[in-house]
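Chemist: Next one to model:
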Amino acid sequence: MTGPLIEADRLGIRFVRNRRRQLRLRDLLIRRNTTPAGQFWPLRDVSFEIAAGDTVGVVGRNGTGKSTLLRLIAGVLIPDEGRIRVRGEVAPLLELSAGFSNDLTGRENLYLVGGLHGLDAGYLRRHFDEIVQFAGEQVERAIDTAVRHYSSGMKVRLGFAIISHLPHPILLMDEVTAVGDAEFRQKCYGTIDRLLGEGRTLVLVSHNEKDLTRFCRRGLYLDAGRLTVDGTVAEALGAYHDAVQR
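Modeler: Have a look, this model is predicted:
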């Protein structure tokens, strides 16, 4: 494959603080070149390219658009300005219990979530024991119990176990290693190391500087929804520290 794996060109997205507010046509015409009251841009005019095999950490204070950027790459959100082009399937390690149905068992959710991400039933049957064992003993014992009875930690473990088995070339991670106990975090680290060793492309949002410097060679620093630094992880973290101290 030639060209970047991920390409953002003047990317922007607009959110509405009060979704019940309706602007009249006259308001829209008058304010067509401004941001109407009640709306804001968590990201705007963001451009970058990520090549296959890149490992990129996204850095910034809370509310600067980091998680929003991952959701745009994943296709969960649609931009209002510019474009985002992704050449390859995405393994989104974002909200790890997303897609679970509380009325279904862990076993049924494994097939449901795996299927939603493009894994066929045969693949999931072959890797079923491996996925469940990775999720841990608690999940193994409760695999035929409705997920509504799972703790939040059990859901996260099962979600990570499923998504980390996707063969997709692009990994999107949002504070994943901040969840679970120390044993589970070590499993996460080992899995990420293995996936990166296979040549996967990583985009990681994290406030953990050890994780950023361990896994990422490149850093993007977002400030008020704008990309102000695209360099090394050290440069992105330096910009973040300067902003916090101001």
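
Chemist: could you point out which element follows the worst-scoring helix or strand of the chain on mean pLDDT?
Modeler: Scoring the helices and strands of the chain by mean pLDDT, DSSP states H and E places helix 25-30 at the bottom, with a mean of 49. Next in sequence after helix 25-30, counting helices and strands by DSSP states H and E, comes strand 39-50.

Chemist: Now do that following strand: distance to the chain's middle.
Modeler: Distance of strand 39-50 from its chain centroid, counting by Cα atoms, centre = their mean, to the nearest Å, is 16 Å.

Chemist: Could you do stretch 211-223 as well?
Modeler: On Cα atoms, centre = their mean, the centre of stretch 211-223 falls 14 Å from the chain's centre.

Chemist: List of residues touching stretch 201-208?
Modeler: With Cβ atoms under 8 Å, 6 or more residues apart in numbering as the test, stretch 201-208 has contacts from 5-6, 50-58, 66-67, 69-70, 73, 88, 169-175, 177-178, 192, 195-196, 211-212, 215-216. All C-beta spots, glycine's among them, are computed from the backbone N, C-alpha and C.

Chemist: what are the ranges of the strands in the chain?
Modeler: In the chain, the strands defined using DSSP state E lie at 6-16, 39-50, 55-59, 81-86, 90-93, 170-174, 201-205, 218-223, 226-232.

Chemist: looking at these, which one has the lowest mean pLDDT?
Modeler: Mean pLDDT is lowest for strand 90-93 out of those, coming in at a mean of 86.

Chemist: Just the CA atoms of that one, as PDB, please.
Modeler: Extracted C-alpha coordinates of strand 90-93, given in PDB (Å, rounded to 0.1, in the frame of the first residue of the first chain):
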ATOM      1  CA  VAL A  90      -9.300  -0.300  12.700                       C
ATOM      2  CA  ALA A  91      -9.100  -2.100  16.000                       C
ATOM      3  CA  PRO A  92     -10.700   0.500  18.400                       C
ATOM      4  CA  LEU A  93      -9.500   0.000  22.000                       C
END
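
Chemist: Turn the buried ones among the contacts of stretch 201-208 into a named ChimeraX selection, would you?
Modeler: Selection of the buried residues among those in ChimeraX, burial being defined by 16 or more other Cβ atoms under 10 Å:
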select :5,6,50,52,54,55,56,57,58,66,67,69,70,73,169,170,171,172,173,174,175,177,192,195,196,211,212,215,216
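
Chemist: From residue 138, how far out is residue 173?
Modeler: For residue 173, the distance to residue 138 under the criterion Cβ to Cβ, to the nearest Å works out to 23 Å.

Chemist: For residue 244, give me its contacts.
Modeler: By Cβ under 8 Å, 6+ apart, the residues touching residue 244 are residue 61.

Chemist: mind checking pLDDT for it?
Modeler: What the model reports as pLDDT for residue 244 is 87.

Chemist: With residue 23 instead?
Modeler: Looking at residue 23, its pLDDT stands at 44.

Chemist: domain parsing for the protein?
Modeler: Each structural domain of the chain that the record assigns through automatic domain parsing is listed here as a residue range: 6-88+206-245, 100-168.

Chemist: Would you reformat the ones you listed as CSV and include distance to residue 94?
Modeler: Shown next, in CSV, are the domains of the chain (distance: least, Cβ to Cβ, whole Å):
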stretch, distance to residue 94
domain 6-88+206-245, 6
domain 100-168, 9
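
Chemist: looking at those domains, which is closest to residue 187?
Modeler: Of all the domains of the chain, domain 100-168 sits nearest to residue 187, with 6.7 Å by Cβ to Cβ.

Chemist: Now do that closest one: distance to the chain's middle.
Modeler: Using Cα atoms, centre = their mean, the distance between the centre of domain 100-168 and that of its chain works out at 19 Å.
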